[in-house]
Structures are given as structure tokens and as C-alpha cells.
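Colleague: The sequence and its predicted three-dimensional model are supplied below.
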Amino acid sequence: MKTFLTTVFALCLLSHASLSQAQKVDAQAASSNTIIPVATFEKALASKPGDRITLPLDNRSFHGIIVSNEVKYKQLQTVVIRSAAKGSNILFQVSRIIQPDNSFSYSGRMIDNEQSIVYQIRKNEKAQYTMDATALSTILQDCSHP
């Protein structure tokens, strides 16, 4: 019986370690200053809720499931993707904004609650889109009461 309990405990530890590693890989897929091609955003924006999707982020990929894809006011489209990694709670949100001159711009973020990190999509001086890491506390306020 003791051997059985030891084996079950070891399997539980191994399972937890592999789930934690899957979350870290997805979050690290958007490392700071990763250049993201516009085609990656367009692929996400063309997907429907429930679709499984793989988005290339530099030399890695983000695997997820489309949670929602909404168009508002004809100038704004937003897609939300949940990580497909088992046990992961990473969300990736991408928006396309149609400017008055009919050009597109993109914004969004990948939020990793587990590691309290947010990767924000930014346009650099070369007009390329990158993901830069920021602490989650800079995006979300603490709502605890004294």
C-alpha cells in the first residue's frame, strides 16, 4: 500500500510539473521584442469561436481556442483566444482598428495570470508589431478592501 501511495504521489507531482511547464512555454512564446507579422493577427481575426488555432510568434507558436470574435462600430474587431495547453489560463486578445484613412492598426495583449505577466502588442519605430512584457499589476488595479 505504501508503494502504491508513493507512486500516486510521484505521478501527481510529475503531472503538476508538466502543466506548469506548458503554461510557461505558452507565455514565453511572446518574449519581449518578438516581431509579430500582421498575417498572424489577420489569421486570428479570420477565425470563428470554437476554432483551434496556432499563431506563430517569432520562433515559437501559441496554440489556442477562439473564445470570441466580435465586430463593434464597424471600425473595431476583437478576438479572444484561450491557451489550449491543459491547465493553462493564458488569454490572448487581439484587436484591429480601422483608422479614418481606412488603414489598419492592431493592439492587444496576452495575459498570464499564473506568472502575473502581461505581454502588450506595440508598434515600434519601424512600424513593426512587437510584444513587450509588463507586470500584470500595471494593467489591473488591486481591488482589495482594507
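Modeller: In hand now; what should we look at? Remember, predicted model here, so these are calculated numbers, not experimental data.

Colleague: Strands of this structure, residue ranges please.
Modeller: Counting by DSSP state E, the chain has strands at residues 34-36, 52-57, 60-72, 76-83, 90-98, 104-112, 117-123, 129-135.

Colleague: Could you pull up the mean pLDDT of the third one?
Modeller: The average pLDDT for strand 60-72 rounds to 93.

Colleague: Quick check, residue 112 in contact with residue 90.
Modeller: Yes - Residue 112 is within contact range of residue 90, at 4.9 Å (criterion: C-beta atoms under 8 Å). Just so you know, the C-beta spots here come from the backbone N, C-alpha and C atoms, and that holds for glycine as well.

Colleague: And the two? Which one has more around it.
Modeller: Taking other C-beta atoms under 10 Å, residue 112 and residue 90 do not tie; residue 90 has more neighbours (26 against 23).

Colleague: Look up the residues forming beta bridges with the nearest residue to the more buried one once chain neighbours are set aside.
Modeller: Using C-beta to C-beta, 6 or more residues apart in numbering and skipping the chain neighbours, the partner closest in space to residue 90 is residue 83 (3.9 Å). For residue 83, the beta-bridge partners under DSSP bridges are residue 64.

Colleague: Do I have it right that residue 83 meets residue 67?
Modeller: No - counting by C-beta under 8 Å, residue 83 stays clear of residue 67, with 10.5 Å between them.

Colleague: So for the two, which sits in the more crowded spot?
Modeller: Set residue 83 next to residue 67 and count neighbours by other C-beta under 10 Å: residue 83 wins out with 23 against 14.

Colleague: I figured residue 109 was touching residue 132, is that so?
Modeller: No - counting by C-beta under 8 Å, residue 109 stays clear of residue 132, with 9.9 Å between them.

Colleague: Would you mark the buried spots in stretch 49-62?
Modeller: Using 16 or more other C-beta atoms under 10 Å as the test for burial, stretch 49-62 gives 53, 55, 57, 62.

Colleague: Contact partners for the closest residue in space to residue 68 that isn't next to it in sequence?
Modeller: Leaving out its chain neighbours, the residue that sits closest to residue 68 by C-beta to C-beta, 6+ apart is residue 80, at 4.9 Å. Shown in contact with residue 80 (C-beta atoms under 8 Å, 6 or more residues apart in numbering): 66-69, 91-93.
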